[in-house]
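Undergrad: Need a 3D model of the sequence below.
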Amino acid sequence: MFCDRSLPQECRFLTNKRLHKKLKHLEHTTSHKILVEFYTDTLELIKTEIIKHRTPLPRHMIVKVKDDVPPSDRFGKAGYDAEKQMAFYLRRAFADKPDVFVFNDIKFKRNREAAQIDHLVLHPFGFYLVESKSVTGSISVNAQGEYSRHYGNKTTGMKSPVAQVKMQGQLLQQLLTDNRTQLLGKALLGMVQKSFHQDRFRFLVAISDQGQIKRQGSAPSELVKADAVTSNIENHLRFQTQFTGSKTALSFLKASNADIDQRIPPWTAEELTTLRDFITANDSSSPSPTLAITGKSTATTQPQVEHVDPIKRSQKVCKKCGETAIEIRYGKYGYYFKCLSCDGNTPVDSTCPGCNQKAKLRKSKKQFFWNCSCGFESLYFENP
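TA: All right, here's what the predicted structure looks like:
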């Protein structure tokens, strides 16, 4: 089969496909010279049309990959492995989707609140927030919606991961709403400002492949195995897509009232790109976070919080055994470090790097921040 390597790969395939059928018909009835002339003329025509009408697309829709440096402690490494596994599933499903953008392990701030999202999927109809959970045994939910973790003969209670990821989504929704006039256009002939309605935010908690889910009287739809996350997202996109494009009217006629009530208007390509750039710019785990929107100016300002990479928590070690597998806990005398290796305690030194005075620590989920009266604020430590 002919192959012109001056064409991009996808164009070469299209050229070969179009030529093949015609050449099969001509090869037994036409001279070699005519075949060559036919190929040359047709190839130039196809090349011109492809280049003229082809819209270039980004080569990869994975906007932010997971950090390749795993934590040193075993609990942190287990969580890291679960997130890497989920990032792999998302990359396989959406890397070539031009209108789906995946962000792995992003952090953002609004005012004095901070949130960390394991996986954020931006698509034309909204967002999926995915929380990865490393479970080696099993996880159960009772009729009251209370979560427990089981490993061997040991059972411990745990915070609701569904409530956790929804809190992160709420902060993201608030941040986007603050900037909605820069991020979204207007509807109804330019009379109504578009907004970030709750329906555009969906949540999933991904339990690692080796873990089990025991639904004891409660079956939250957000709780799924990691390998089922992408199919949940794809089914939602497939459902919403039926109401867009040239077959919209026919889809409305066939759809039930319940389906129509769940319809979400898609964002435009420009809005989708602006949202992607805004999220990238506001990722505080990036070297230089900013609230600027690419190609647009905004007067919105937020407190500048210096970010310290959580991997640098290895600089803080247990005073008894020297291990870095430590976490901050609260006791009778305030915060202290608990060693996960030797079970020893180490005092927390909260001296402010800005004024060299003792500062308060502010807790936000797993993160602890210096919160000094001199105005200095920075990430002090993040528990594994």
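
Undergrad: Quick one: residues contacting the closest residue in space to Phe201 that isn't next to it in sequence.
TA: Distances taken as Cβ to Cβ, 6 or more residues apart in numbering place Gly169 nearest to Phe201, at 4.8 Å, with adjacent residues excluded. For every residue, glycine as well, the C-beta is placed using N, CA and C. Listed by Cβ atoms under 8 Å, 6 or more residues apart in numbering, the contact set of Gly169 reads 127, 129, 201, 203.

Undergrad: how many neighbours does the first one have?
TA: When neighbours are defined as other Cβ atoms under 10 Å, Phe127 has 22 of them.

Undergrad: what's the nearest residue to it if we skip its chain neighbours?
TA: Counting by Cβ to Cβ, 6+ apart, the residue nearest Phe127 is Phe201, at 5.4 Å.

Undergrad: residues touching that neighbour, list them.
TA: Neighbours of Phe201 in contact, by Cβ under 8 Å, 6+ apart: 126-127, 129, 169, 172-173.

Undergrad: Make CSV out of those and add distance to Asp283 and secondary structure.
TA: What follows is these, written out as CSV (distance: Cβ to Cβ, whole Å; DSSP: H, G, I helix; E, B strand; the rest coil):
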residue, distance to Asp283, secondary structure
Gly126, 19, strand
Phe127, 14, strand
Leu129, 14, strand
Gly169, 16, helix
Leu172, 12, helix
Gln173, 17, helix
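
Undergrad: Tell me the one among these nearest to Ala226.
TA: Relative to Ala226, the closest of these is Leu129; by Cβ to Cβ it sits at 14.7 Å.

Undergrad: which residues does that closest one bridge with?
TA: Leu120, Phe203 (DSSP bridges).

Undergrad: who's in contact with it?
TA: Counted by Cβ under 8 Å, 6+ apart, Leu129 has contacts 117, 119-121, 165, 168-169, 172, 201-204.

Undergrad: Give me the below-cutoff pLDDT ranges for the stretch 51-200 of the chain.
TA: 51-62, 64-75 (pLDDT under 70).

Undergrad: got the residue ranges for the strands in it?
TA: With DSSP state E, counting those that start in this stretch as the criterion, the stretch 51-200 of the chain has strands at 62-64, 101-110, 113-123, 126-133, 138-141, 147-151, 154-158, 186-187, 192-193.

Undergrad: Give me whichever of those is most buried.
TA: strand 126-133 (a mean of 24; mean count of other Cβ atoms under 10 Å).

Undergrad: what angle separates that one from strand 101-110?
TA: 80 degrees (axes from the mean of the first three to the mean of the last three Cα atoms, to 10 degrees).

Undergrad: now the angle from strand 126-133 to strand 154-158?
TA: Going by the same axes, to 10 degrees, strand 126-133 makes 150 degrees with strand 154-158.

Undergrad: tell me the angle strand 126-133 makes with strand 147-151.
TA: Using the same axes, to 10 degrees: strand 126-133 against strand 147-151 is 40 degrees.

Undergrad: Domain parsing of this structure, as residue ranges.
TA: Domain assignment of the chain by automatic domain parsing yields the ranges 9-53, 62-281, 310-382.

Undergrad: Relative to Leu223, how far out is the closest residue in space to His123 that isn't next to it in sequence?
TA: In this structure, His123 finds its nearest non-sequential neighbour in Val100, 4.9 Å apart by Cβ to Cβ, 6+ apart. Applying Cβ to Cβ, to the nearest Å, the value for Val100 to Leu223 is 23 Å.

Undergrad: next one: Arg200
TA: Counting by Cβ to Cβ, the gap from Arg200 to Leu223 is 21 Å.

Undergrad: Repeat that for Asn111.
TA: 31 Å.

Undergrad: more neighbours, the two?
TA: Leu223 (22 against 11).

Undergrad: which of the contacts of Leu129 sit farthest apart?
TA: Leu172 and Leu204 (14.7 Å).

Undergrad: Show me which of those two is the more surrounded one.
TA: Leu204 (25 against 22).

Undergrad: What residues does the more buried one make contact with?
TA: 128-131, 165, 222, 224, 229, 232-233.

Undergrad: still on that earlier bit, how many neighbouring residues does the residue nearest to His123 have?
TA: 21.

Undergrad: Kindly list the main-chain dihedrals of it?
TA: Dihedral pair for Val100: phi -130, psi 130, per degrees, to the nearest 10.

Undergrad: list the buried ones in stretch 171-189?
TA: 171-173, 175-176, 178-179, 182-184 (16 or more other Cβ atoms under 10 Å).

Undergrad: can I get the residues you listed in a markdown table with distance to Arg238?
TA: Formatted as a markdown table, those follow (distance: Cβ to Cβ, whole Å):
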| residue | distance to Arg238 |
| --- | --- |
| Leu171 | 29 |
| Leu172 | 24 |
| Gln173 | 24 |
| Leu175 | 29 |
| Leu176 | 25 |
| Asp178 | 32 |
| Asn179 | 30 |
| Gln182 | 31 |
| Leu183 | 26 |
| Leu184 | 24 |
